[in-house]
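Engineer: structure, please.
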Amino acid sequence: MNEVHLQTAQRVANRFAQLPDVEAVAVAGSQMSGTAGPNSDIDVYIYSHAKIPVEVRTAIGAEFSDHVEIVDYWGPGNEWDDRATGVHVDAVFWTVGWIEDQLDRTLNRHQAWTGYTTCFWHTVQISNCLFDRAGWFSRLQQIANQPYPDALVKAIVELNRPLLRSIAPSYLRQLEKAAARQDLVSLNHRATALLASYFDILFAINQQPHPGEKRLIAFAERHCPKRPAHMREDIEALLLATVHLEYSISDAVNRLVDHLDELLRREGLPE
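Structural biologist: Next comes the predicted model:
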């Protein structure tokens with residue numbers, strides 16, 4: 001993260017640290033994962049014991065910008081362009097109890113999701129803490145910086161693998177039906193879900209916490225030594241088949257999953 005982005009994040013952290021209920025503030029996202037581009041924003045995570053009222057967090061944002069947007073669609077958040085630097089700030093508000101439960105769900109209870117199982121774990125791991133009132137976030141990162149549980153690998157594969165093409169309502173069958181009715185929106189929607197499960201499996205068998213939704217092919221090529229053959233080509237072929245109906249969606253999915261299955265068998269995870 002460059003100096004301008006860091007200074008912007010630190011000013012935000014210092015201001016929210018004045019709220020007595022705020023326990024920690026950290027910066028994560030692409031700035032910390034090494035995937036930031038020239039137009040990337042900064043993701044500032046504010047951890048508090050109770051939810052910060054929307055009018056309070058919006059008023060604080062207004063100290064840095066003339067226009068602060070409330071974006072509570074995916075959880076509490078505000079966004080603004082910093083008046084001093086022009087850097088776009090994405091402020092995310094999580095409670096202490098909520099993130100502790102997310103790590104416990106992942107690292108102790110080994111509960112898998114259909115895609116993106118370990119994203120919150122990854123966020124904590126890569127975070128740069130800017131304020132830590134009593135060392136809570138340092139302790140949380142110590143919990144997060146543990147080896148990938150074998151039981152979690154197993155749970156993610158067992159939940160996501162059948163969805164690809166094994167069960168009656170598999171993504172393969174849903175995509176075939178969508179192609180038959182020439183439903184481009186449904187093709188896109190189901191291909192996205194299939195890839196979410198595909199990458200969840202791929203990151204799990206590499207014991208790599210999931211980095212989120214951006215630049216996944218490049219991230220996998222960089223951080224996952226165990227990869228299906230022709231991964232990039234297979235994914236590109238699948239996506240082409242969702243918009244060009246003259247291509248066979250069945251062939252594209254089967255080729256993608258065949259290569260993933262070959263990898264899983266080599267890793268001792270037969271169907």
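
Engineer: could you chop the chain up by domain?
Structural biologist: 3-144, 150-266 (automatic domain parsing).

Engineer: is residue 129 in a bridge, and if so with what?
Structural biologist: residue 26 (DSSP bridges).

Engineer: returning to what we had before: any idea which of the domains of the chain scores lowest on pLDDT?
Structural biologist: Sorting the domains of the chain by mean pLDDT places domain 3-144 lowest, at a mean of 94.

Engineer: for it, the distance to its chain's centre please.
Structural biologist: 14 Å (C-alpha atoms, centre = their mean, to the nearest Å).

Engineer: what about that domain, how long is it end to end?
Structural biologist: 27 Å (C-alpha to C-alpha, to the nearest Å).

Engineer: just to revisit the earlier point, Throw the domains of the chain into JSON lines and include mean neighbour count, thanks.
Structural biologist: Backbone N, C-alpha and C define where each C-beta goes, glycine included. Below are the domains of the chain laid out as JSON lines (neighbours: other C-beta atoms under 10 Å):
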{"stretch": "domain 3-144", "mean neighbour count": "17"}
{"stretch": "domain 150-266", "mean neighbour count": "17"}
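
Engineer: after the helix or strand that contains residue 139 comes which helix or strand?
Structural biologist: According to DSSP states H and E, residue 139 maps onto helix 136-144. Using DSSP H and E, the helix or strand that directly follows helix 136-144 along the chain is helix 150-165.

Engineer: for that following helix, packing partners?
Structural biologist: helix 171-180, helix 184-205, helix 249-266 (3 or more C-beta pairs under 8 Å, 6 or more residues apart in numbering; DSSP states H and E).

Engineer: redo these as TSV? Include distance to residue 57.
Structural biologist: TSV is the format used below for these (distance: least, C-beta to C-beta, whole Å):
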stretch	distance to residue 57
helix 171-180	38
helix 184-205	30
helix 249-266	42
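
Engineer: cool, thanks, signing off.
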